[in-house]
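>>> here's my sequence, what's the structure:
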Amino acid sequence: MPNVLFRTLKSLSLLFLSASAFNTMAQEGSADLAKQLANPIAALVSVPLQLNYDDHIGPKDDGERWTLNVQPVIPVELNPEWNLISRTIVPLISQDDIVPGDSQSGLGDVVQSVFFSPKAPTQSGWIWGAGPVALLPTGTDDALTADKWGVGPTAVALKQDGGWTYGGLVNHISSFAGDDDRADISASFVQPFVSFTTPDAVTYSLNTESTYDWKGKQWSIPVNATVSKVTKVGTQLLSVGGGVRYWAESPAGAPEDWGFRAVITLLYPK
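Okay, the predicted model is just below:
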């Protein structure tokens, strides 16, 4: 009897240790995915669904806007040294009273970026990529589109050290065609970011998504603070998160004060 009890306890101990090791490996894998998500040009297929809410918009500050940005990220291996990373932003917008007494909903203007990025970081550990960015006048309503074609350069650089990720993404878009009755575009986008990922795959992030309008000589500066976690629903890996945004600077008629952001990112690791 003691031998049977000993063997049973031994088997249970081995089972417990195996389960613990499996959970540890799963957590490590999730944490690695979370760190890849913090890298805008990681070689990871993902589809972020980013919902933003902003208000106090329009001439009377009575307007509000919901924007669902569908942002597929698709890496393509060019050769053993280089990747091409496609990042697309497809905005679906619903807004009320930005034009007093009127509402619009539909597709906004698409922004398409392409980054050529070395697979290996630099000797000092920096990851970088650069390429073109384009603005496509896909808006389905006059109030949801600039009605201009635009193009320019974009670049990103970041470093990952332990759980930390920090760096910045920039682009500049100038219009070159479109409706002559609409304002020309010359806008610079600057997005410094910092995040920390825990061993449990929870990521705390802070960034700004600042835009400088060279025509109007005005800044738009929303500051975003979010928390997200990599998890699994059924067989689907995903990241779920949310947080707040504060408009530190905005032109007249643009969003003011506080808003919020919620994000679900579908993950398709190799």
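
>>> any idea whether the closest residue to Trp126 other than its chain neighbours is helix, strand or coil?
Leaving aside its sequence neighbours, Trp126 sits nearest to Lys159 (C-beta to C-beta, 6 or more residues apart in numbering; 5.3 Å). Where C-beta positions appear, they are placed from N, C-alpha and C, glycine not excepted. Using DSSP: H, G, I helix; E, B strand; the rest coil, the structure places Lys159 in strand.

>>> tell me the bridge partners for the residue nearest to the spatial centre of the chain.
Nearest to the geometric centre of the chain sits Pro48, at 6.7 Å (C-alpha atoms, centre = their mean). Residues in a beta bridge with Pro48, per DSSP bridges, are Thr265.

>>> residues contacting it?
Applying C-beta atoms under 8 Å, 6 or more residues apart in numbering, we find Pro48 in contact with Asn69, Val70, Gln71, Val73, Val263, Ile264, Thr265, Leu266.

>>> reformat those residues as a markdown table; add distance to Ser186 and pLDDT.
Shown next, in a markdown table, are these (distance: C-beta to C-beta, whole Å; pLDDT from 0 to 100):
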| residue | distance to Ser186 | pLDDT |
| --- | --- | --- |
| Asn69 | 23 | 98 |
| Val70 | 26 | 98 |
| Gln71 | 24 | 97 |
| Val73 | 27 | 97 |
| Val263 | 30 | 97 |
| Ile264 | 34 | 97 |
| Thr265 | 32 | 97 |
| Leu266 | 35 | 96 |
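
>>> wait, which of these is closest to Gln112?
Gln71 (10.9 Å; C-beta to C-beta).

>>> helices along this structure, start to end?
Assigned by DSSP state H, the chain shows helices spanning 2-37.

>>> what's the spacing between the closest residue to Phe115 other than its chain neighbours and Ser113?
Nearest non-adjacent residue to Phe115, counting by C-beta to C-beta, 6+ apart: Gly129, 3.4 Å away. Gly129 sits 9 Å away from Ser113 when distances are taken as C-beta to C-beta, to the nearest Å.

>>> then Gln191?
12 Å.

>>> neighbour-wise, which of the two wins?
Ser113 (24 against 17; other C-beta atoms under 10 Å).

>>> in terms of pLDDT, where does that one sit?
Looking at Ser113, its pLDDT is 98.

>>> got a list of what it touches?
Ser86, Arg87, Thr88, Gly131, Pro132, Val133, Ala134, Thr154, Asn171.

>>> now with 10 Å, please.
Residues in contact with Ser113, defined by C-beta atoms under 10 Å, 6 or more residues apart in numbering, are 40-41, 73, 85-89, 129, 131-134, 152-156, 169, 171.

>>> any chance of a ChimeraX selection covering the buried ones in the residues you listed?
In ChimeraX syntax, the buried subset of the contacts of Ser113 is picked out as below (16 or more other C-beta atoms under 10 Å):
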select :40,41,73,85,87,88,89,129,131,133,152,154,155,156,169,171
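
>>> filter the contacts of Ser113 down to the ones in strands?
Among the contacts of Ser113, DSSP state E puts 73, 85-89, 129, 131-134, 152-156, 169, 171 in strands.

>>> how many other residues sit next to Asn79?
7.

>>> mind checking how far it is from Pro118?
Where Pro118 is concerned, Asn79 sits at a distance of 11 Å (C-beta to C-beta).

>>> tell me which residues of stretch 261-268 are tucked away?
Quick answer for stretch 261-268 (16+ other C-beta under 10 Å): Arg261, Ala262, Val263, Ile264, Thr265, Leu267.
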